[in-house]
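Visitor: output the structure for:
(one chain, ligands or ions: 1)
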Amino acid sequence: MSRKKLIAANWKMQKTIVGAKTFAERLKTSVKKDEPYDMVVFPPFFALPVTAEILGGSPVAVGAQDLFWENDGAYTGEVSAGMVIEAGGTYVIVGHSERRHMIGETNEVVGKKLRAAIGGGLTPVLCVGEKIADREAGRAETFVEEQLEAALAGFLGGDVERIVVAYEPVWAIGTGRTATPQDAVAMHRFIRGAIANRFGVDAADRLRVLYGGSVKPQNAGSLLRETEIDGALVGGASLKAEEFAAIATART
Ligand code: PEP
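Guide: Numbers count the residues shown, from 1 in each chain. As a prediction, the model looks like this:
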């Protein structure tokens, strides 16, 4: 089945409200209503409302880079799915490797956040990916399978269709080192196969699996031309509207 590609911009802790406004205005003018791909921008929390306001009515969606698993209460510093939606977000990143490895998010925490995102009406982008030591030891697939299993414990096929998976090998994030299209395709096939085994072929066929890790306009075409690669999660190269837009059109 053919899946519409999704090109996602993860700004991380970069861009102020002013910078987000400039980006959103530029992107809005360069994206047409009927583009053959979807786009989503993940600004820092403070910049989310203004980004969503400017991009409202355009085909570009907006999301949060993280969320907490409770709806409200005494959780200092946290943000709920409902708050993201009120601010104009429709997507959320869950389990980014920077949160897993720098902040210590476990597979269990990632699972709770994933359930909160779906329960709260957001589309989660679940990030999975191995470290270089796992790849070199031939454990990349086992590692990713464990991350998927832990995050999706208790899920049904219908829930899985509401998520997007991003395969982001940790050794490729922010390093300038990109997975080859062949390696990325092999892992994407593996992920789709693991989903098919647990949730059925239909759910796996509908699931979008993005690639992330040093994607830029120069290498995006060779990745996005692969039918197994349903889009890209882009960090560094998503900070300039023109560069991000060039990634979206790179396969044509
Ligand atoms: C990311 O942060 O998800 C990412 C892929 O970053 P970069 O494109 O900079 O490697």
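
Visitor: make it CA atoms for all contacts and neighbour counts henceforth
Guide: Will do.

Visitor: closest to the centroid, which residue in this structure?
Guide: V125 (4.0 Å; Cα atoms, centre = their mean).

Visitor: tell me the pLDDT of that one.
Guide: Note on V125: pLDDT of 98.

Visitor: that one in helix, strand or coil?
Guide: strand (DSSP: H, G, I helix; E, B strand; the rest coil).

Visitor: what about this protein, any weak spots by pLDDT?
Guide: 252 (pLDDT under 70).

Visitor: cutoff 80 now
Guide: 1, 157, 251-252 (pLDDT under 80).

Visitor: on that earlier part again, how near is the residue nearest to the centre of the chain to the ligand?
Guide: Using Cα to the nearest ligand atom, to the nearest Å, V125 is found at 10 Å from the ligand.

Visitor: mind listing the residues bridging to that residue?
Guide: Counting by DSSP bridges, V125 forms beta bridges with I93, V164.

Visitor: ranges for the strands of the stretch 1-150 of the chain?
Guide: Along the stretch 1-150 of the chain, counting by DSSP state E, counting those that start in this stretch, strands occupy 5-10, 37-42, 60-64, 91-94, 123-128.

Visitor: equivalent analysis for the stretch 151-252 of the chain, please.
Guide: Under DSSP E, counting those that start in this stretch, the stretch 151-252 of the chain gives strands at 164-167, 208-212, 231-234.

Visitor: stretch 202-214: end-to-end distance?
Guide: Stretch 202-214 has an end-to-end distance of 31 Å (criterion: Cα to Cα, to the nearest Å).

Visitor: up against the ligand, what does the protein have?
Guide: N10, A172, I173, G174, G212, G213, S214, V215, L233, V234, G235, G236 (Cα under 6 Å from any ligand atom).

Visitor: need phi/psi at the third one.
Guide: Looking back up the chat, that one is I173. phi -80, psi 120 (degrees, to the nearest 10).
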